[in-house]
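**Student:** Using only what follows, build the 3D model:
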Amino acid sequence: MRVEALLEAFNLAPTRAPVVQHRTIELLRSLPHEVVYTQGLTYHAGLMYESSRLSGVSSLCRLEPDTGTVLSRVILPNRYLAGGLAVVEDALVLLTWQGKAFCYDVASLKRERIFAFKGEGWGVCYDGKTLYVSDGTDTLALYNPETFERLGELRVSLAGQGVSPLAELECVGASIFANVANTGLIVQFEKTTGHVEAVMNVAGSVPVAQTPMLSGIAYASSTNVFYLTGKLWPQVLEVRFATLP
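**Tutor:** Predicted structure coming up:
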């Protein structure tokens with residue numbers, strides 16, 4: 001579904017589109033952030049981790065959320081472009097656009113394993129059992145996090161139409177939140193059916209000084225807040241989404 005069609009469906013009267021809700025966004029804080037081409041963002045044990053590119057170099061960083069200070073940085077081999085990022089138990093799984101998944105120890109950031117997968121790694125999240133991977137289409141691939149065996153796929157749809165291009169993902173309970181690439185839109189959908197439950201329009205909800213091209217979404221369960229950033233953004237937005245009725 002094109003962005004225009006997604007917004008049209010999002011704005012339909014409830015009698016015509018009962019499957020989708022408008023979740024408003026409360027801006028809590030605007031936090032400093034290194035200006036990089038963000039690809040993935042995740043939150044773990046009070047720290048933030050980010051995969052990004054700058055001047056043709058891809059890296060994995062550990063950040064202090066409140067200040068944006070880079071505490072550690074690992075550079076990827078030159079031939080790889082960083083993609084989505086997720087925490088899986090005591091590891092960080094970083095996808096690349098070349099069909100490789102790098103697994104790093106979350107404490108030391110030492111690379112421990114490499115897996116191959118099919119397609120490009122735009123986004124990834126982990127629900128405690130399964131890895132969900134986006135490749136810029138409307139369909140997610142499901143993987144075993146231990147072996148990277150492909151388990152199946154999940155098509156994301158709104159009113160029967162596929163929603164794309166899906167980028168970075170965040171698993172939260174029974175739902176998955178996804179950035180719609182090159183827009184300021186986030187969709188929330190059921191992780192079992194792929195049916196979109198809600199759409200959030202960051203561009204229409206919080207002030208951003210630059211183009212609202214989201215490329216990072218992270219969730220802190222301890223405080224029930226999300227962290228959002230985009231490509232070449234000088235800030236991370238700490239937000240809370242309105243509760244679904």
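**Student:** Which helix or strand contains Pro77?
**Tutor:** Take DSSP states H and E as the rule and Pro77 turns out to sit in neither a helix nor a strand.
**Student:** show me what contacts it?
**Tutor:** Listed by C-beta atoms under 8 Å, 6 or more residues apart in numbering, Pro77 has no contact partners. To be clear about C-beta, it is placed using only N, CA and C from the backbone, and glycine gets the same treatment.
**Student:** and the gap between it and Thr42?
**Tutor:** 21 Å (C-beta to C-beta, to the nearest Å).
**Student:** Same question for Glu50.
**Tutor:** For Glu50 relative to Thr42 (C-beta to C-beta), the value is 8 Å.
**Student:** go on, Gly56?
**Tutor:** For Gly56, the distance to Thr42 - C-beta to C-beta - is 23 Å.
**Student:** just Val236 next, same as before
**Tutor:** According to C-beta to C-beta, Val236 and Thr42 sit 12 Å apart.
**Student:** Quick check: neighbours shared by those two?
**Tutor:** With C-beta under 8 Å, 6+ apart, Val236 and Thr42 have common neighbours Met48.
**Student:** just to revisit the earlier point, quick one: common contacting residues for Glu50 and Thr42?
**Tutor:** Common contact partners of Glu50 and Thr42 (C-beta under 8 Å, 6+ apart): Leu85.
**Student:** if we can go back for a sec, Gly56 and Thr42: who's more crowded?
**Tutor:** Remark: of Gly56 and Thr42, Thr42 carries more neighbours, 28 against 8, as counted by other C-beta atoms under 10 Å.
**Student:** So which residues of this structure form helices?
**Tutor:** 3-10 (DSSP state H).
**Student:** If you count neighbours, what's buried in stretch 125-134?
**Tutor:** Across stretch 125-134, burial judged by 16 or more other C-beta atoms under 10 Å covers Cys125, Tyr126, Asp127, Thr130, Leu131, Tyr132, Val133, Ser134.
**Student:** Could you list the low-pLDDT ranges of this structure?
**Tutor:** 1-19, 204-212, 244-245 (pLDDT under 70).
**Student:** tally of neighbours for Arg34?
**Tutor:** For residue 34 the amino acid is Glu, not Arg. Using other C-beta under 10 Å, Glu34 has 18 other residues around it.
**Student:** Ok, Gln161 next?
**Tutor:** 15.
**Student:** Enumerate the beta-bridge partners assigned to it.
**Tutor:** Here Gln161 sits in beta bridges with Leu158, as judged by DSSP bridges.
**Student:** how near is it to Lys129?
**Tutor:** 28 Å.
**Student:** mind listing what the closest residue to Phe115 other than its chain neighbours touches?
**Tutor:** Closest residue to Phe115 apart from its sequence neighbours, by C-beta to C-beta, 6 or more residues apart in numbering: Phe148 at 3.8 Å. Each residue near Phe148 by C-beta under 8 Å, 6+ apart is listed here: Ala101, Phe115, Ala116, Phe117, Leu131.
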